[in-house]
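Student: quick one, structure for this:
(one chain, ligands or ions: 2)
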Amino acid sequence: MFVITYEKAKRRSFACCRARWSFSIVKICILASGSAGNSAFVATDRTRVLVDAGLSRREVGKRLAAIGEDLASLTAILVTHEHADHTIGLPAIAKAEKHPVPVYLSHGTLKYIDWGEAVPVVEPFQAGCGFAVGDFDVTSFTIPHDAADPVGLMLSAQGVKIAFVTDLGYVTDSLRFHLRGADMVVLESNHDLEMLRVGPYPWSVKQRVMSRRGHLSNEVAARFIRDDLDSRVSTLVLGHISEHNNHPAMVHRLASKALNGRELFTRLVIAEPGVQSEVFCY
Ligand SMILES: [Zn+2]
Ligand SMILES: [Zn+2]
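Tutor: Residues are numbered from 1 along each chain as shown. Ligands and ions are numbered 1, 2, ... in the order given. Prediction:
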């Protein structure tokens, strides 16, 4: 067990941020990570954003409440791509009760969102471009994945840089470039290649996951850590871990070995599928 349980997350996050929030510039909580849903909360004291909304409105509300936050205070929602595990709760969360929450997403992604009854406030951006959301300067960069116009995101506020890069088939030069200088990186370590090969998925799905527009394996994530992880990264969260084709212990073992080889002081956190993380304060 490498990440704390939901109940423990509640207690620990309060303890962490009661003590430190007033002195912190940015706080981050991974509300969920994995094919059953992805969403993260990133906040300064004035700007509160969700990165992806792959949980129901109710579940996001519950998990925000666990860290002393609420849906009504959200400034914006940033979306990496249209896949359901990143957007299932988006229309309901964006609609909100009193006023809509602006949704920032790439032009290509926007075309593929089914808003249903919701009338969202959208702020489309060109993938690869930067924009501002309250206190955050956001940089988007294209990543290789089988979605319309997927992006990785770097959020910066007062010198603190937090990167989100999940759902990508391989590590690009652009990714190496954009992750330089990050303080915290949330990176995918999706599957163990051998478990995927012998696992339950149909061959077509296995091919998709393994393809250059699929997901990163543990081996590729470990290679990135060994060869490319910036020494400035103080917290590395590995997530989007497959429940069928991977195990958190395997992710931890490979990534620890890669980190130890570098002699970095980076803290490694494994985001177990569906489990809310502690709150990270900077
Ligand atoms: Zn995903
Ligand atoms: Zn995806």
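Student: in contact with the residue in the stretch 151-282 of the chain that ligand 1 sits nearest to, which residues?
Tutor: For the stretch 151-282 of the chain and ligand 1, the shortest gap (Cβ to the ion) falls at Asp167, measuring 4.4 Å. Placement of C-beta: from N, CA and C, glycine included. Going by Cβ atoms under 8 Å, 6 or more residues apart in numbering, Asp167 touches 80-81, 83, 86, 143, 145, 147, 150, 188, 215, 240.
Student: filter these down to the ones close to ligand 2.
Tutor: His83 (Cβ under 5 Å from the ion).
Student: and of the contacts of Asp167, the nearest to Thr172?
Tutor: Ile143 (7.0 Å; Cβ to Cβ).
Student: on that earlier part again, could you look up the SS state of the residue of the stretch 151-282 of the chain closest to ligand 1?
Tutor: Of the three states, Asp167 takes coil according to DSSP: H, G, I helix; E, B strand; the rest coil.
Student: repeat for the one 10 residues further on
Tutor: Per three-state DSSP, the secondary structure class of Phe177 is helix.
Student: number of nearby residues for it?
Tutor: Applying other Cβ atoms under 10 Å, we find 10 residues neighbouring Phe177.
Student: how far is stretch 268-282 from where the chain is centred?
Tutor: 10 Å (Cα atoms, centre = their mean, to the nearest Å).
Student: so for that stretch, what gets flagged as buried?
Tutor: Using 16 or more other Cβ atoms under 10 Å as the test for burial, stretch 268-282 gives 268-282.
Student: before we move on, back to that, just the pLDDT for the residue of the stretch 151-282 of the chain closest to ligand 1.
Tutor: Asp167 is assigned a predicted lDDT (pLDDT) of 97.
Student: for the chain, what lies in contact range of ligand 1?
Tutor: 85, 167.
Student: tell me the centre residue of the chain?
Tutor: For the chain, the residue nearest the mean C-alpha position is Phe164 (4.7 Å; Cα atoms, centre = their mean).
Student: within its sheet, name the partner strands of the helix or strand harbouring it and how each one runs.
Tutor: If you go by DSSP states H and E, Phe164 is part of strand 160-165. If you go by DSSP bridges, strand 160-165 pairs up with strand 151-157 (antiparallel), strand 184-188 (parallel).
Student: just the CA atoms of the longest one, as PDB, please.
Tutor: Coordinates of the C-alpha atoms in strand 151-157 are reproduced here as PDB (Å, rounded to 0.1, in the frame of the first residue of the first chain):
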ATOM      1  CA  VAL A 151      -2.700  18.000 -24.200                       C
ATOM      2  CA  GLY A 152      -0.400  17.900 -21.100                       C
ATOM      3  CA  LEU A 153      -0.600  20.900 -18.800                       C
ATOM      4  CA  MET A 154       1.800  22.800 -16.700                       C
ATOM      5  CA  LEU A 155       0.300  25.100 -14.100                       C
ATOM      6  CA  SER A 156       2.600  27.800 -12.600                       C
ATOM      7  CA  ALA A 157       1.900  30.200  -9.800                       C
END
